[in-house]
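Asker: Just a sequence and a predicted model for now, questions to come.
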Amino acid sequence: MADPNDHEIYFEFVAIGNAVKVTAIDSVTAIEVSVMGPSNAAKSDLERLALRKLQARLKREG
């Protein structure tokens, strides 16, 4: 498998009441993970959290 740092990552944000569900999707493997956070959290913080979770999953499955 190629280096996960070279993959494109897609982020999807879905508002659910007072929360936001952020899904991170790896472009090569199509593996996706989701995290939830408060709707007033910084977008960059939620992206970073989802990215770290995705990287951990890719490492586990790599």
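Answerer: Received the coordinates, thanks. Numbering: from 1, shown residues only.
Asker: Compute the number of surrounding residues for residue 44.
Answerer: Applying other Cβ atoms under 10 Å, we find 8 residues neighbouring residue 44. For every residue, glycine as well, the C-beta is placed using N, CA and C.
Asker: Can you mark which positions in the helix or strand hosting it are buried?
Answerer: Residue 44 is part of helix 43-61, with elements assigned from DSSP states H and E. Within helix 43-61, the residues scored as buried using 16 or more other Cβ atoms under 10 Å are 46-47, 49-51, 54-55, 57-58.
Asker: do the same with stretch 11-23
Answerer: By neighbour count on 16+ other Cβ under 10 Å, the buried set for stretch 11-23 is 20, 22.
Asker: phi, psi of the closest residue to residue 45 other than its chain neighbours?
Answerer: Excluding the flanking residues, the one nearest residue 45 by Cβ to Cβ, 6 or more residues apart in numbering is residue 37, at 7.4 Å. Backbone torsions of residue 37, given as degrees, to the nearest 10, read phi -150, psi 170.
Asker: Where does pLDDT dip in this structure?
Answerer: For the chain, applying pLDDT under 70 flags the ranges 1-5.
Asker: how does it look with 90?
Answerer: Scanning the chain for pLDDT under 90 picks out the ranges 1-7, 61-62.
Asker: Tell me the residue in it that is farthest from the middle.
Answerer: Distance from the C-alpha centroid of the chain, by Cα atoms, centre = their mean, peaks at residue 17 (19.8 Å).
Asker: give the contact list for the closest residue in space to that one that isn't next to it in sequence.
Answerer: Once flanking residues are discounted, residue 17 sits nearest to residue 39: 7.9 Å by Cβ to Cβ, 6+ apart. Contact analysis of residue 39 by Cβ atoms under 8 Å, 6 or more residues apart in numbering lists 15, 17-20.
Asker: Might you specify the subset of those located within strands?
Answerer: 15, 19-20 (DSSP state E).
Asker: Identify, from the residues you listed, the entry nearest to residue 8.
Answerer: Residue 8 lies nearest to residue 20 out of these, by Cβ to Cβ, at 21.5 Å.
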